[in-house]
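Predicted model and sequence follow; I will ask about them next.
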Amino acid sequence: MFKTVFGVISLSIVASILVACGTDDEAKKVEMNKTVVTEKTVDNTSTRTVGKKVDGRWYTPAQLIRGKKVFASNCASCHGDKGQGLTVDWKKPDAKGVFPPPPLNGSAHAWHHSKDLLMRTVNEGGVALGGAMPSFKDKLSEKEKEAVLAHVMSLWPDKIYNTWSKRNPQ
Ligand code: HEC
């Protein structure tokens, strides 16, 4: 069962990358992801391939697989299944002055923050500051939190990620 779920997820990752890509460079990346994110390598988390970082990014394919699941069960209800946000204007507070959950896919503000600060938001939420995001400090393990940030950043286009990465060398 465990294996099958991973198989399906990795297939869908590869499929969506295939659909999204065109150039040679991207094709290479797809090729890499294809090799790395297979049922076999993911199953055996101690192998070097799974520990290998995704091209140009700080996280590994194994973290992405874990992060996608964590995001779907804990974050998507507010931030949208693709981190796109669920409101027309995330900058507009509601009648009570509370801001809606912003998109996390690189189109809003999240990418202006360091990983530490994003982690602090995940840990502490925003309620203490008059916001609406719950705290995940005790709801997720450290591994799950790292993985969910990996997933969030995987939603950022290269251009956004690279700008972030220059300001926040990992
Ligand atoms: C109940 C709705 C809700 C859930 C669930 C939720 N968030 Fe949020 N999130 C918000 C809101 C609302 C904000 C804006 C700050 C505030 O009001 O607390 C926010 C802000 C953020 C920010 C800061 C964005 C920025 O531009 O600085 C990050 C990062 C974030 N959320 C990540 C997550 C992650 C990761 C999860 C899942 C582990 C998650 N959120 C779950 C509602 C939610």
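Received, thanks.

Tell me where this protein has helices.
2-20, 24-36, 39-43, 48-51, 61-74, 76-79, 115-124, 142-154, 158-167 (DSSP state H).

Run through who's touching the last one.
Outside helix 158-167, the residues within contact range by C-beta atoms under 8 Å, 6 or more residues apart in numbering are 56-58, 106, 111-112, 114, 153, 156. C-beta here means a position set from N, CA and C on the backbone, and glycine is covered the same way.

now, among the residues you listed, which is nearest to the ligand?
Nearest to the ligand among the contacts of helix 158-167 is residue 112, at 7.2 Å by C-beta to the nearest ligand atom.

Give me the pLDDT for that closest one.
At residue 112, the model reports a pLDDT of 96.

Could you check how many residues crowd around whichever residue of the chain sits closest to the ligand?
Across the chain, the shortest distance to the ligand (C-beta to the nearest ligand atom) belongs to residue 126, at 1.8 Å. When neighbours are defined as other C-beta atoms under 10 Å, residue 126 has 15 of them.

same thing with residue 75?
Residue 75 has 21 neighbouring residues, counting by other C-beta under 10 Å.

what does residue 125 give?
16.

Do you know the pLDDT at it?
pLDDT, residue 125: 97.

thought residue 70 was touching residue 147?
Yes. Assessed by C-beta atoms under 8 Å, residue 70 is found in contact with residue 147 at 5.7 Å.
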